[in-house]
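J.: can't give you the sequence, but here's the structure:
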């Protein structure tokens, strides 16, 4: 997230970065007040909940009136089993709240609140290994700031009103050095290294007081030079690499995150609601499709029931029961199916007419051998049964299952044929069936009697009657 810097001091607020009003950027607050009060304390070496409870109680005692406070360990104590802690607070909560709470309530994220002393210590640590004792002097928009650091941790911070001349600055620096001696932060008479930031030659000369030793400031990689830029270098540090230790209370810092969480929860709730609505709509559509399919299946079932009812009605109209139908099917399988085919009989019958075209067919009867035979000719009593019953001598065990069929053929021999031609036609007709297995041609009435050497039989008959014929073509099939 982008960061904007807000400087708060005795003179009010100043946005020190272009685009500071952008709603999506976090606000880095630099507080520069004279009320800044770092307190160094030595605590017993504890751990866990006991240490946390002791630090919280001590912090509440030191800065009861403000929520802008923090405590952190700065190093081992001067005696065994002790630890030095720094308690830092800004007893100007009403001023800070007046500037920061409207920002938080408007949706701006408060990244944290840092003092100039905290930023100075972070810069010193970023420049390399810090000296055991160091005094940093730099001008700020609120005045002249003195920061004393032990191993890079600020333990004293003084804000001095802008001095009218160099002599006044020197006097204030001497007071700071005397306080360090009196508080036993530095051995009396020892020289304190001094880093002077953002000061011209005359101001730097005025800082040459007893007890301090001016030293050059090393460079910190990736950060501006504070000797030339002064407090602007600390602002750059706050924007790029803000220290972990800061003073803003958690509710103020988390207000933006809570608002974002609420918005995220609301958006997630809306998505869940939309998903539930989509699921419900899909289920409704699926149920509707199932109802349509059920109605279609019900219609099909009703149509099948009506079809079965119609079949049942037709079945009842026949007047036969199920056993009768089964018997009929069994009879068909036993009698009709294995019988010789009509096509085969007609094919056999056509052989004689093909061999002797003078034969003209007038009537044809097709029958199986049964109890009601058909006469091969209808006339004056010489009708023959077609097919005739088998001769006893021709029946053996092999023919026990044979089915016999016969075709009665009746017609007239062509009238224009002479006697000899008629006899030849008869012989050709009968020869067409000679020599065929399971085929027999019988005739009770041949058209021409060739037994008497060409004499026409039945001298009293008319010529037309002499030319009529009646044959019985018989063949057998297997079941």
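T.: Thanks, I have the structure now. All values reported here derive from a predicted model rather than from experimental measurement.

J.: switch to C-alpha atoms for all contacts and neighbour counts from now on
T.: Will do.

J.: Which phi and psi values does residue 5 adopt?
T.: phi -110, psi 130 (degrees, to the nearest 10).

J.: so who does it touch?
T.: Residue 5 sits next to 15, 16, 17, 20, 27, 28, 29, 30, 235, 238, 239 when contact means Cα atoms under 8 Å, 6 or more residues apart in numbering.

J.: Could you do residue 352 as well?
T.: 428, 429, 430, 431, 432, 433.

J.: do that again at 10 Å, thanks
T.: Residue 352 makes contact with 359, 425, 426, 427, 428, 429, 430, 431, 432, 433 under the criterion Cα atoms under 10 Å, 6 or more residues apart in numbering.

J.: quick check, it in a helix?
T.: Yes. The assignment for residue 352 is a helix, going by DSSP: H, G, I helix; E, B strand; the rest coil.

J.: now the contacts of residue 352: which count as buried?
T.: 359, 425, 426, 427, 428, 429, 430, 432, 433 (16 or more other Cα atoms under 10 Å).

J.: rewinding a little: now, among the contacts of residue 352, which is nearest to residue 250?
T.: residue 433 (123.6 Å; Cα to Cα).

J.: That closest one in helix, strand or coil?
T.: coil.

J.: Next up, phi/psi of it, please.
T.: phi -110, psi 0.

J.: I'd guessed it sits against residue 351; true?
T.: Yes. Using Cα atoms under 10 Å, residue 433 is in contact with residue 351, at 7.5 Å.

J.: Please name the strands paired to the helix or strand containing residue 409 in the sheet, noting orientation.
T.: Assigned by DSSP states H and E, residue 409 belongs to strand 403-413. Strand pairing for strand 403-413, using DSSP bridges, gives strand 359-368 (antiparallel), strand 468-477 (antiparallel).

J.: got the buried residues for stretch 282-294?
T.: Buried, per 16+ other Cα under 10 Å, within stretch 282-294: nothing.

J.: Now do it, average pLDDT.
T.: For stretch 282-294, mean pLDDT rounds to 92.

J.: now what about that stretch, what contacts it?
T.: 276, 277, 278, 279, 280, 281, 295, 296, 297, 298, 299, 300.

J.: rewinding a little: what's the overlap in contacts for residue 433 and residue 351?
T.: By Cα under 10 Å, 6+ apart, no residue touches both residue 433 and residue 351.

J.: What's the first helix or strand after the helix or strand encompassing residue 171?
T.: Secondary structure from DSSP H and E places residue 171 in helix 166-182. Using DSSP H and E, the helix or strand that directly follows helix 166-182 along the chain is strand 192-196.

J.: and whichever helix or strand comes after that next one, which residues are buried?
T.: Per DSSP H and E, the first helix or strand lying C-terminal to strand 192-196 is helix 201-206. Neighbour-count burial for helix 201-206, counted by 16+ other Cα under 10 Å, picks out 203, 204, 206.

J.: check contacts around the residue lying closest to the first one once chain neighbours are set aside.
T.: Closest residue in space to residue 203, ignoring its immediate chain neighbours: residue 166 at 5.9 Å, by Cα to Cα, 6 or more residues apart in numbering. By Cα under 10 Å, 6+ apart, the contact list for residue 166 reads 202, 203, 204, 205, 206, 207.

J.: Out of these, which is nearest to residue 127?
T.: residue 204 (21.3 Å).

J.: Identify the bridge partners of the closest residue to the closest one other than its chain neighbours.
T.: What sits nearest to residue 204 in space, not counting adjacent residues and going by Cα to Cα, 6+ apart, is residue 196, at 6.9 Å. Taking DSSP bridges as the rule, residue 196 bridges to residue 137.

J.: neighbours around residue 196, how many?
T.: 24 (other Cα atoms under 10 Å).

J.: Strand 192-196 and the helix holding residue 171, what's the angle between them?
T.: 140 degrees (axes from the mean of the first three to the mean of the last three Cα atoms, to 10 degrees).

J.: okay, now the closest residue to residue 181 other than its chain neighbours: neighbour count?
T.: Sequence neighbours aside, residue 188 is the residue nearest to residue 181 in space, at 5.1 Å (criterion: Cα to Cα, 6+ apart). The number of residues packed near residue 188 is 14, by other Cα under 10 Å.

J.: Same check on residue 178?
T.: 17.

J.: show me what contacts it?
T.: Residue 178 makes contact with 172, 184, 186, 188, 189, 210, 211, according to Cα under 10 Å, 6+ apart.

J.: Return the member of those residues nearest to residue 340.
T.: When these are compared against residue 340 (criterion: Cα to Cα), the nearest one is residue 186, at 137.8 Å.

J.: show me the contacts for the residue lying closest to the closest one once chain neighbours are set aside.
T.: Take residue 186 and drop its neighbours on the chain: the residue closest to it by Cα to Cα, 6+ apart is residue 180, 5.8 Å away. Shown in contact with residue 180 (Cα under 10 Å, 6+ apart): 148, 156, 174, 186, 187, 188, 192.

J.: Give the PyMOL command for selecting the buried subset of the residues you listed.
T.: Here is the PyMOL selection string for the buried members of those, based on 16+ other Cα under 10 Å:
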select buried, resi 148+156+174+186+192
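
J.: Pretty sure residue 472 sits against residue 430.
T.: No. Taking Cα under 10 Å as the definition, residue 472 is not a contact partner of residue 430, at 11.2 Å.

J.: Now do the shared contacts for those two.
T.: Joint contacts of residue 472 and residue 430 (Cα under 10 Å, 6+ apart) are 440, 441, 442, 443.

J.: what about residue 16, neighbour count?
T.: 13.
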